[in-house]
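> How does the following fold in three dimensions:
(one chain, ligands or ions: 3)
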Amino acid sequence: MHPNDPRLKSFVAVAPDSHFPIQNLPFGVFSTGAEPTPRVGVAIGDRVLDLSVLEQAGLLSAGSRGGRVFDQPSLNAFMALGRTVWRDTRARISELLRDDAPRLRDDPDLRSRALVPMTESLLHLPVEIGGYTDFYSSKEHATNVGTMFRDPKNALLPNWLHLPVGYNGRASSVVVSGTPVRRPNGQTKAPADEVPSFGPCRKLDMELETAFIVGEGNDLGEPVPVGDAERRIFGMVLMNDWSARDIQQWEYVPLGPFNSKTFATSISPWIVTLEALEPFRVAGPVQDPEPLPYLRQGGKASVDLHLEVSLKPEGAGKATTVCRTNFRHMYWSMAQQLAHHTVSGCNTRIGDLMGSGTISGPALDSFGSLLELTWNGQRPITLEGGGERSFLLDSDEVVITGWCQADGYRVGFGEVAGRIVAAHPADVCP
Ligand SMILES: O=C(O)/C=C/C(=O)CC(=O)CC(=O)O
Ligand SMILES: [Ca+2]
Ligand SMILES: [Mg+2]
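Ligands and ions are numbered 1, 2, ... in the order given. Down below sits the predicted model:
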């Protein structure tokens, strides 16, 4: 049976609302208190399947030609083996986890070493990220920000419908879910101020995004054709592109965001493979005007991926869901983003992270940032259990989650979470 077959069941118990049924099998890097060396695992129900244990037991042969690939602190070595190996490995893992497969199921010693409770696992950044690019591919988001930051009458800039706008971000500050996020200090200047001042960001925001991870790079000078782009994508994660709006608004002209987005970018720890997302592929929005030939892509360019953002102040009994939306609203696809990124001859490398851009939908509660949800602070959000928010306060926690819904199970991403910690005192900063 194909590993995406809805009839598959695992001998590992999987709750119906779990994000990690046997049809998913996302890859990540984890460690435990008992074995603190990070290694590669796959999520199944509330367990992590330790691929380094299976590899050592001779049950996985992915790295047979290139040494051990799962006994590694990142997925880069495994990704380097190429797409056929990614697919064969996922199929092999699926076989080993099936409820009718005795090899792992009936070996209590191997099972206890290979299946680790997720609650006992520390999840790490799954890949070594050499480069990080962030796109700007939601038409609704670009229209909203253009309206607030620039000219409501010309909210969408003239290039926007012709190319997937993006900028080169900062790979060094990409962190895994759960890492605290320190409020940045920086320069700001409100329109009424005569000169800029220095201090903690007062408009700290989140951005709901997904990102894809390049699994096969391209050589310098060799663009990736749009039709060849998807087979190079290993998989997707959830991403929160934390943004300091007051710093951004002053600094971004004319080269784009700089310090306002480099203090942290959080990603979810499990990489959901493009293969697992295959059953949920859908067409994206109609593109009018038709893009130039190098960006033309037919077929199911998008994914029906439900997304939610919640906000929880420290000590609050309950989180408030502030956004519900769907990845399928995105105007520019991942393949178009990669084709455009490389059309100049720019090379990409295994492990490069490509952010989708903030994912906003058409409805008022489907906007993917507080900037849009509160309309730059003019319409604060009411929190469950009292209080309101325009932008993030210290100790607030933001959690992004997302899943594809099948009949009776979910192929999900887990979550990406981050809590805000107070800025360093501005007077001790240089
Ligand atoms: O329109 C602007 O000036 C800025 C927009 C953003 O901050 C969004 C950005 O980081 C790209 C995105 O996430 O869509
Ligand atoms: Ca962004
Ligand atoms: Mg960032």
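> Please count neighbours and contacts with C-alpha atoms only from this point.
Will do.
> what's in contact with the longest helix along the chain?
Using DSSP state H, we find that the single longest helix of the chain is helix 83-97. Contact with helix 83-97 is made by 2-3, 10-12, 22-23, 25, 60, 62, 78-79, 101-105, 215, 231-232, 234, 275, as judged by CA atoms under 8 Å, 6 or more residues apart in numbering.
> Select from the residues you listed every entry located in strands.
F234 (DSSP state E).
> buried subset of the contacts of helix 83-97?
The neighbour count (16 or more other CA atoms under 10 Å) marks 3, 10, 12, 22-23, 25, 60, 62, 78-79, 104-105, 215, 231-232, 234, 275 as buried among those.
> Make sure A211 is indeed in a strand.
Yes. Judged by DSSP: H, G, I helix; E, B strand; the rest coil, A211 forms part of a strand.
> Could I get the pLDDT score of the residue lying closest to it once chain neighbours are set aside?
Nearest non-adjacent residue to A211, counting by CA to CA, 6 or more residues apart in numbering: G355, 4.1 Å away. pLDDT for G355: 99.
> ok, now L96?
Looking at L96, its pLDDT is 98.
> Distance check, it against ligand 1.
39 Å (CA to the nearest ligand atom, to the nearest Å).
> Close to ligand 3: what parts of the stretch 251-400 of the chain are there?
261-262, 265 (CA under 5 Å from the ion).
> Compare those and tell me which is most surrounded.
Counting neighbours by other CA atoms under 10 Å, T265 comes out on top of these with 26 neighbours.
> who does that residue bridge with?
V174 (DSSP bridges).
> show me what contacts it?
Contacts of T265 by CA under 8 Å, 6+ apart are 173-175, 239-242.
> thinking again about what came up before, list the contacts for the residue nearest to A211?
G355 neighbours (CA under 8 Å, 6+ apart): 132-135, 209-212, 239.
> do you know how far it is from ligand 1?
Distance from G355 to ligand 1, by CA to the nearest ligand atom: 8 Å.
> Pairing partners for that residue in the sheet, please.
Legend: beta-bridge partners of G355 under DSSP bridges are D134, A211.
> circling back to that earlier point, ok, of the contacts of T265, which come out buried?
For these, buried by 16+ other CA under 10 Å: 174-175, 239-242.
> Of all residues in the stretch 301-430 of the chain, which one is closest to ligand 1?
Scanning the stretch 301-430 of the chain for proximity to ligand 1 using CA to the nearest ligand atom identifies G357 as nearest, at 3.4 Å.
> quick one: that residue and T133 touch, right?
No. Contact criterion CA atoms under 8 Å: G357 and T133 do not qualify, at 9.6 Å.
> which of those two has more neighbours?
G357 (28 against 19).
> got the contact list for that one?
Contacts of G357 by CA under 8 Å, 6+ apart are 134-138, 208-210.
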